[in-house]
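Participant: Compute the structure for the input listed below.
(one chain, ligands or ions: 2)
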Amino acid sequence: MRTLNLDLGDRSYPIFIGHNLLANKALFEPYLRSSQVMLVSNTTVEPLYAAQLEQTLSGYSCDKVVLPDGEKFKNLETLNLIFDRLLSQRHNRKTTIVALGGGVVGDMAGFAAASYQRGINFIQVPTTLLSQVDSSVGGKTGVNHALGKNMIGAFYQPQSVVIDTNVLATLPDRELAAGLAEVIKYGLIADATFFQWLEENIDKLIARDSDLLAYAIEVSCKTKATVVAQDEKESGIRAILNLGHTFGHAIEAYQNYNGWVHGEAVAVGMLMACDLSQRLGWIDISLVQRAQRLIERAKLPMIPPSTMTPKDFMAYMAVDKKVLDGSLRLVLLKACGKALVTSEFDSSKLSETLEKYCC
Ligand SMILES: NC(=O)c1ccc[n+]([C@@H]2O[C@H](COP(=O)([O-])OP(=O)(O)OC[C@H]3O[C@@H](n4cnc5c(N)ncnc54)[C@H](O)[C@@H]3O)[C@@H](O)[C@H]2O)c1
Ligand SMILES: [Zn+2]
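Facilitator: Ligands and ions are numbered 1, 2, ... in the order given. The predicted structure follows:
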């Protein structure tokens, strides 16, 4: 097992990564404040892994709420199911929420923890690769509103994150690839050596080599933890974690959040960000080609949906939350492993990128 620490002063917490951690009581006990525990999961993950976790937490009074599965249920109505259960079972301020699931469960359970009785303890047990390398770390919690994704939420850090790589065995191939998109992102924005390691090992990662997956998760979490420790509330550097996301969010919104999964949209978005960075003269064409090859080998899409036009992109990107004072801010690359957030770029080059990708 490897242990990382997210350093946020008195809100610092450990991130445990390894095999078979769901069975390790010692990873949970120190973070429970009383005998009360509320397990939050969904209809897909609960039948697979809840019994194991309940066994590990034997001796505690472990309640459970099982949410419907899907991004479309990430809303206030579903959130209320968690509050209903907490209140009807008389959970007090010393109870602990344990989130067992992907990013949707983790974001909702985290927001419930942030707001129930003004804040209770919370442990993340992420079960998708995406949630293991991204959403479970860093404290962004929340739900969607009909008028915008993740628009209602809070920054609220967990007490610990328990990443058991065994659970990836049941993850659908498409979800594994989507998680790899975020893993590739960390190489591009912060770690050229890791990017090269990914080029050497991507086939084994796709084949679910568990030791290599654990290593990729560790490097990814380390990068995320380092960035979040510098800028918890995203007033600056944390925004580099959004490489490819402004283009990607446009794709997701265009499809009404009902088409590709998030990591697939981010994969294409990263290629578009690389293309634009190269047109601006900031990176070499060889890096664009390396990113393309890696995304392709990870079995991720490389172009936007065929019906999408540059106008569609501009319309959706204009409402993306990274537009500040009317100017579009993008995360772009200066080199492999070096990203910056900027609104200072030649917009005709952006048009060229959009034209190239919407053909
Ligand atoms: N908080 C953050 O910083 C942050 C960062 C990135 C993404 N997110 C959010 O995360 C969400 C996406 O998360 P996701 O990609 O994990 O999607 P998800 O939670 O919808 O999970 C994807 C699918 O895999 C299933 N699943 C989960 N674990 C499984 C397992 N071990 N075996 C089999 N099936 C399993 C789920 O039930 C679901 O059907 C989005 O709502 C996004 O906004 C949040
Ligand atoms: Zn993402």
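Participant: And Arg31, how close does it get to Gly9?
Facilitator: Just to correct that, residue 31 is Tyr rather than Arg. Taking CB to CB, to the nearest Å as the measure, Tyr31 and Gly9 are separated by 17 Å. Every residue, glycine included, has its C-beta placed from N, CA and C.
Participant: out of these two, which sits in the more crowded spot?
Facilitator: Each of Tyr31 and Gly9 has its neighbours counted (other CB atoms under 10 Å); Tyr31 has more, 17 against 7.
Participant: Tell me if I'm right that the more buried one and Thr96 touch.
Facilitator: Yes - with contacts counted by CB atoms under 8 Å, Tyr31 reaches Thr96, the gap being 6.8 Å.
Participant: Touching both of these two, which residues are there?
Facilitator: Jointly contacting Tyr31 and Thr96 under the rule CB atoms under 8 Å, 6 or more residues apart in numbering are Asn121, Ile123, Gln159.
Participant: Please identify which of these is nearest to ligand 1.
Facilitator: The shortest approach to ligand 1 among those belongs to Ile123, at 15.0 Å (CB to the nearest ligand atom).
Participant: Phi, psi for that closest one please.
Facilitator: When read as degrees, to the nearest 10, the backbone of Ile123 gives phi -120, psi 130.
Participant: Can we start the residue count at 893 from this point?
Facilitator: With 893 as the first residue, the last one maps to Ile1015.
Participant: hang on, isn't it packed against Thr987?
Facilitator: No - in this structure, Ile1015 is not within contact of Thr987 by CB under 8 Å, at 11.6 Å.
Participant: What are the phi and psi values at the residue of the chain most remote from its centre?
Facilitator: Using CA atoms, centre = their mean, the residue of the chain lying farthest from its centre is Gly951. It sits 32.2 Å away. Comment: the main-chain dihedrals of Gly951 come out as phi 100, psi -20, following degrees, to the nearest 10.
Participant: Distance of it relative to ligand 1?
Facilitator: Distance, Gly951 to ligand 1, using CB to the nearest ligand atom, to the nearest Å: 25 Å.
Participant: Who are the contact partners of that residue?
Facilitator: Counting by CB under 8 Å, 6+ apart, the residues that Gly951 touches are Ser927.
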